[in-house]
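> Here's my sequence, what's the structure:
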Amino acid sequence: MFSIVHVVAASENNVIGVKGDLPWHIPEDLQFFKDATIHKPIIMGRKTFESLPNKKGLPKRLNIVITKQENYKAENAHVFNSLEKALDFAKSQKDQYGEELCIIGGGEIFKQSLEFTQKVFLTRVHTEIQDGDAFYPELPDHFKKIESIKKTQEDGLSYSFETFENKKA
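A predicted model of the protein is given here:
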């Protein structure tokens with residue numbers, strides 16, 4: 001069975017981005033993201049792709065970009081114009097990449113895929129961001145928190161690694 005997961009970091013008010021960048025720097029979260037997504041298909045929107053270092057796909061992953069822009073080219077990535085086409089392509093690659101697919105942003109892709117997502121790996125950053133322009137959707141009640149590990153950085157920023165399961169999926 002193919003499993004779809006979200007891998008995301010969001011503030012208390014669900015901000016995931018400000019002007020194409022993360023509004024915080026949490027090295028442990030970046031390592032978690034790498035560990036969760038390595039050797040897997042990752043689906044992202046165009047803006048998320050363009051926020052990556054050097055605007056290239058992430059190494060050791062099957063990078064899949066969704067955009068409405070026709071003839072969009074993305075280095076080290078496969079481009080599709082709908083979530084459905086991107087998912088079909090990712091599923092066709094399961095022999096090489098396994099049964100788990102990671103959705104990594106942005107807000108609209110998270111929103112479109114939430115209903116058929118089995119698990120959410122959420123790094124909840126315990127702060128409010130006022131100038132956010134990309135948001136993670138509110139999780140419906142059928143997503144149940146199954147794990148939460150609270151952490152604090154040396155600079156005092158606290159966050160929690162939270163895992164949710166979709167009890168309907």
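
> Need the contact partners of the host helix or strand of Tyr159.
Using DSSP states H and E, the element containing Tyr159 is strand 158-166. Residues outside strand 158-166 that contact it (C-beta atoms under 8 Å, 6 or more residues apart in numbering) are 9, 26, 29, 32, 117-126, 139, 142-153. Quick note: C-beta positions are derived from backbone N, CA and C, even for glycine.

> I'd like to know which of the residues you listed are part of helices.
Those of those mapping onto helices are 29, 32, per DSSP state H.

> Buried members of the contacts of strand 158-166 into ChimeraX, please.
To isolate the buried members of the contacts of strand 158-166 in ChimeraX, using 16 or more other C-beta atoms under 10 Å:
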select :9,26,29,32,117,118,119,120,121,122,123,124,125,139,143
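
> what's the pLDDT at Ala36?
Note on Ala36: pLDDT of 98.

> Likewise for the one 10 residues further on?
We note a pLDDT of 97 for Arg46 in this prediction.

> quick one: pLDDT of the residue nearest to it when sequence neighbours are not counted?
The shortest distance from Arg46 to any non-neighbouring residue, by C-beta to C-beta, 6 or more residues apart in numbering, is to Thr67 (3.8 Å). Thr67 carries a pLDDT score of 98 in this model.
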